[in-house]
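Asker: here is my input; please provide its structure:
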Amino acid sequence: MVSSDQRRRQLAREKFERQQQRRAENRRKARRRNTVIASTLAVVLAAGATAYATGALSGGDTKDSKAAPPADPCAKPAAGSVKKLSYKKEPALTIDKSASYTMKLRTTCGDITLGLDAAKAPRTVNSFNFLAGKGYFDHTKCHRLTTSGIYVLQCGDPTAQGSGTPGYKLPDENLKDPKLKGGVYPAGTVAMANAGPGTGGSQFFLVYQDSKLPPNYTPFGTIKGGQDVLKKIADAGEASGQGDGAPKATVVIDKATVTK
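Answerer: Now for the predicted structure:
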């Protein structure tokens, strides 16, 4: 028969053994946890070292470079200021409607060359020839970029607010141009901006991608060179994030010239 002292010693021994088992199990769990932590830390450190090496070789942190918005791809504007010019009436028609005219826009983002259609839009081309000769477009900012629905860069406003005019209004021309098929202004079109029929002034837009528009805007030329410049401007994005507003790129026409 087991005495009371023996029973107490047995219970104490069993309790001790249970405690030892729990402690041993806790030690095993701790070792597993530490092993996992050490392995994870090694992976993180290795990844960090790789990222650091990659960033150093590429000239910057890879993650930050991907997250950062595109930088302004254009240079600083040339010295000078916009001329405050206004005219009471449309200039007299002096261009040769049978000749070819070229408008060159020397911008902060690169040169853009436009072929002007004097035969189909003589009064519009005549006006641009006149205004460019007066330095009207020099140092003006291309104030509007659309990147959704229609795809155009709008320029020619000395106020850069969308309200500038040369003081006179031009009639609409060439609205039945066969190039405007299906209500689309094809990429490469140069056309007049307006506030309604017969209200053209100095503002124009360059279509860098086919754009669905009603035939209400005088097409008076085509983009002959500088499509890469327009792509660079478009790729930099539009500032408001709404797809229609000021371009993020600083697009300034340093000098505009028209030659025959």
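Asker: quick one: residue 86 from residue 231, how far?
Answerer: Using C-beta to C-beta, to the nearest Å, residue 86 is found at 34 Å from residue 231. The C-beta positions use only the backbone N, C-alpha and C, and glycine is treated the same way.
Asker: state the distance from the residue nearest to residue 163 when sequence neighbours are not counted to residue 204.
Answerer: Leaving out its chain neighbours, the residue that sits closest to residue 163 by C-beta to C-beta, 6 or more residues apart in numbering is residue 157, at 7.1 Å. Taking C-beta to C-beta as the measure, residue 157 and residue 204 are separated by 9 Å.
Asker: likewise residue 133?
Answerer: 16 Å.
Asker: more neighbours, the two?
Answerer: For residue 133 versus residue 204, neighbours defined as other C-beta atoms under 10 Å are more numerous around residue 204 (27 against 12).
Asker: residue contacts, that one?
Answerer: Each residue near residue 204 by C-beta atoms under 8 Å, 6 or more residues apart in numbering is listed here: 128, 154-156, 190-193, 220.
Asker: ok, now residue 209?
Answerer: 151, 187, 234.
Asker: can I get the helix or strand harbouring residue 128 in CSV, CA atoms only?
Answerer: Using DSSP states H and E, residue 128 sits within helix 122-133. Listed in CSV are the C-alpha atoms of helix 122-133, where the atom choice follows Å, rounded to 0.1, in the frame of the first residue of the first chain:
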residue,chain,number,x,y,z
PRO,A,122,-5.5,80.8,-97.5
ARG,A,123,-6.8,83.3,-94.9
THR,A,124,-5.6,81.1,-92.0
VAL,A,125,-2.2,80.6,-93.5
ASN,A,126,-1.9,84.3,-94.4
SER,A,127,-2.7,85.2,-90.8
PHE,A,128,-0.1,82.8,-89.4
ASN,A,129,2.5,84.2,-91.8
PHE,A,130,1.6,87.7,-90.7
LEU,A,131,1.6,86.9,-86.9
ALA,A,132,4.8,84.9,-87.0
GLY,A,133,6.5,87.7,-88.9
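Asker: what helices or strands is the next helix-or-strand element following it leaning on?
Answerer: Following helix 122-133 in sequence order, the next helix or strand is strand 140-141 (DSSP H and E). In terms of contact count using 3 or more C-beta pairs under 8 Å, 6 or more residues apart in numbering; DSSP states H and E, strand 140-141 is assigned the packing partners strand 252-259.
Asker: which residues are contacting the strand it packs on?
Answerer: Defining contact as C-beta under 8 Å, 6+ apart, one finds that strand 252-259 is touched by 74, 77-78, 80, 101-108, 116, 128-129, 132-133, 136-142, 155.
Asker: buried set for that strand?
Answerer: 252-256, 258 (16 or more other C-beta atoms under 10 Å).
Asker: the helix or strand of the chain at the bottom of the mean pLDDT ranking: what's the following helix or strand?
Answerer: Least confident element among the helices and strands of the chain, by mean pLDDT, DSSP states H and E: helix 62-67 (a mean of 43). Under the assignment DSSP H and E, the closest C-terminal helix or strand after helix 62-67 is strand 101-107.
Asker: strand partners of that following strand, parallel vs antiparallel please.
Answerer: Sheet partners assigned to strand 101-107 using DSSP bridges are listed as strand 110-116 (antiparallel), strand 252-259 (antiparallel).
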